[in-house]
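Visitor: For reference, the sequence and a predicted model appear below.
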Amino acid sequence: MNENDTITAISTPYGAGGIGIIRISGEKAFEIAEKIFKGKKTIRHIKSHTINYGKIFDFKDGTVIDEVLLTKMDRPNTFTREDTIEINCHGGIVVLKKVLELVVREGARLAEPGEFTKRAFLNGRIDLAQAEAVIDLINAKTSRSSKIALEQLEGKLSIEIKEARDRLIGFIAHIEATLDYPEEDIDEITELEVYNGLEEIKNKLSILLSGFKKGRIIREGIKAVIIGRPNVGKSSLLNRLAGYNRAIVTDIPGTTRDIVEEYISIAGIPIRIIDTAGIRETKDEVERIGVEKTMNAIESADLVIMMVDAFAGFAKEDEEVLKYISNISGKKPVVLLNKIDLVEKE
């Protein structure tokens, strides 16, 4: 893989749609576009950052592949800071693949995953924090996580870190100048000034660091696992939280044998709800595998919700599950009583 190669990829999600975009970035981007695009103007005469109607041709056999809108963007005012072409095709899978194959045939290389962002980073368009924000913005599951990712992409975090770094460099430069050139008329910096300045920087960085865990939760969400004995209502809870029948619910114990997941949003925070197989001793091989998956899910969970059948009471199996969570995984579960409407009033 050569960083000077001209790269290309389908930039929209794979599948059928109204529009599909193919991006070309690199030194030969305009040259390749010139070979396959035919519009009112040639590529060399098209102004930067304008959209132009035309057709994509395979000039080997003269066939028209698609009617497109082509955008030409001159470096360095592009995402990668390289010459860039974006071809807006009709979003059919066949059309996109044909145009992509044509671009590759004319000299481009298929981009590696994340390579456009990598080039933006290597060419100084974005820093590492902003590069990480790109994928966070793409994967954002709520408007709140999207907003935080966009702020990071715009450089909010980078600016605060740069300010702290510049102040540290300033202190070092002032101290070295005072020590190396005592005969010069340089304002001396006192120990107290250095100490107070370093404390301010330390406190500012501590505030940024303390917000990491909160930011991770907003960005990645909370993994909440629902556990308990068979037939205590775990799947019913998942369905109620999801707002539709995501999991099969029956009166037969052991109905859920595999992990069932659903994403919901609470106050802008994505919650990954996981319904698990009921925990019990079983000779059924499939159900046993489901119980093992439940145990693994508990280990990686941020929140464990243990459901107890209030009508049947707190059974020995419930006690064993609770001991396992507390002693083995070290998690503190939220115990949820279900079926309290069936309990007779005393």
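Guide: Perfect, I can see it now. Numbers count the residues shown, from 1 in each chain.
Visitor: Show the residue spans covered by the strands in the stretch 51-200 of the chain.
Guide: Under the criterion DSSP state E, counting those that start in this stretch, the stretch 51-200 of the chain contains strands at 63-73, 84-90, 109-110.
Visitor: Out of these, which one sits most buried?
Guide: Mean neighbour count (mean count of other Cβ atoms under 10 Å) peaks for strand 84-90 among the strands of the stretch 51-200 of the chain, with a mean of 22. C-beta: built from backbone N, CA, C; applies to glycine.
Visitor: lowest confidence element among the helices and strands of the chain?
Guide: helix 285-300 (a mean of 71; mean pLDDT, DSSP states H and E).
Visitor: Helix or strand next in line after that helix, which one?
Guide: Next helix or strand after helix 285-300 toward the C-terminus (DSSP states H and E): strand 303-309.
Visitor: Which strands and helices lie in contact with the helix or strand following that next one?
Guide: Counting by DSSP H and E, the next helix or strand C-terminal to strand 303-309 is helix 316-324. Applying 3 or more Cβ pairs under 8 Å, 6 or more residues apart in numbering; DSSP states H and E, one finds that helix 316-324 contacts strand 222-228, strand 303-309.
Visitor: Which of those sits closest to residue 126?
Guide: strand 222-228 (28.6 Å; Cβ to Cβ).
Visitor: partners of the closest one in the sheet?
Guide: Take DSSP bridges as the rule and strand 222-228 pairs in its sheet with strand 269-275 (parallel), strand 303-309 (parallel).
Visitor: quick one: contacts of the first one?
Guide: Read it as strand 269-275. 141-142, 144-145, 217-218, 220-226, 234-235, 237-238, 241-242, 246-247, 256, 259-265, 297, 301 (Cβ atoms under 8 Å, 6 or more residues apart in numbering).
Visitor: Figure out the helix or strand that residue 31 lives in.
Guide: Element membership for residue 31, per DSSP H and E: helix 29-36.
Visitor: Can you give me the buried ones in the very next helix or strand once past that helix?
Guide: Next in sequence after helix 29-36, counting helices and strands by DSSP H and E, comes strand 37-39. In terms of neighbour count (16 or more other Cβ atoms under 10 Å), strand 37-39 has its buried residues at residue 37.
Visitor: quick one: strand 37-39 to chain centroid distance?
Guide: 37 Å (Cα atoms, centre = their mean, to the nearest Å).
Visitor: again with stretch 334-346
Guide: 39 Å.
Visitor: go on, stretch 208-219?
Guide: 14 Å.
Visitor: So which bits of it are buried?
Guide: 215, 218-219.
Visitor: Same question for stretch 156-163.
Guide: 157-158.
Visitor: So what touches it?
Guide: 127, 129-130, 151-152, 204, 208.
Visitor: same question, stretch 36-54
Guide: Stretch 36-54 is contacted from outside by 30, 33-34, 55-59, 67-74, 77, 85, 87-88, 99, 102-103, 106, using Cβ under 8 Å, 6+ apart.
Visitor: give me the number of residues near residue 169?
Guide: Neighbourhood size, residue 169 [other Cβ atoms under 10 Å]: 10.
Visitor: Between the strands of the stretch 51-200 of the chain, which one is closest to residue 306.
Guide: Of all the strands of the stretch 51-200 of the chain, it is strand 109-110 that lies closest to residue 306, at 48.3 Å by Cβ to Cβ.
Visitor: mind checking how far the closest residue to residue 272 other than its chain neighbours is from residue 274?
Guide: With Cβ to Cβ, 6 or more residues apart in numbering as the criterion, residue 272 has its nearest non-adjacent residue at 4.9 Å, and that residue is residue 223. Counting by Cβ to Cβ, to the nearest Å, the separation of residue 223 from residue 274 is 7 Å.
Visitor: same deal with residue 62?
Guide: Remark: distance between residue 62 and residue 274 (Cβ to Cβ) = 56 Å.
Visitor: More neighbours: which of these two?
Guide: residue 274 (23 against 7).
Visitor: What's the per-residue pLDDT of that one here?
Guide: On the pLDDT scale, residue 274 is placed at 85.
Visitor: Out of the helices and strands packed on helix 316-324, which one sits most buried?
Guide: strand 222-228 (a mean of 22).
Visitor: Now do the shared contacts for residue 223 and residue 274.
Guide: Joint contacts of residue 223 and residue 274 (Cβ under 8 Å, 6+ apart) are residue 301.
Visitor: picking that back up, quick one: mean pLDDT for the helix holding residue 31?
Guide: Mean predicted confidence for helix 29-36 is 94.
Visitor: how big is the angle separating that helix from strand 84-90?
Guide: Comparing the axes of helix 29-36 and strand 84-90 via axes from the mean of the first three to the mean of the last three Cα atoms, to 10 degrees yields an angle of 40 degrees.
Visitor: so how far is helix 29-36 off the chain centroid?
Guide: Put simply, helix 29-36 sits 33 Å off its chain's centre (Cα atoms, centre = their mean).
Visitor: Convert the C-alpha atoms of it to PDB, please.
Guide: C-alpha atoms of helix 29-36 as PDB (Å, rounded to 0.1, in the frame of the first residue of the first chain):
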ATOM      1  CA  ALA A  29      -8.200  11.700  -9.300                       C
ATOM      2  CA  PHE A  30      -8.800  14.400 -12.000                       C
ATOM      3  CA  GLU A  31      -7.000  12.300 -14.700                       C
ATOM      4  CA  ILE A  32      -9.200   9.300 -14.000                       C
ATOM      5  CA  ALA A  33     -12.400  11.400 -14.000                       C
ATOM      6  CA  GLU A  34     -11.400  12.900 -17.300                       C
ATOM      7  CA  LYS A  35     -11.300   9.400 -18.900                       C
ATOM      8  CA  ILE A  36     -14.800   8.300 -17.700                       C
END
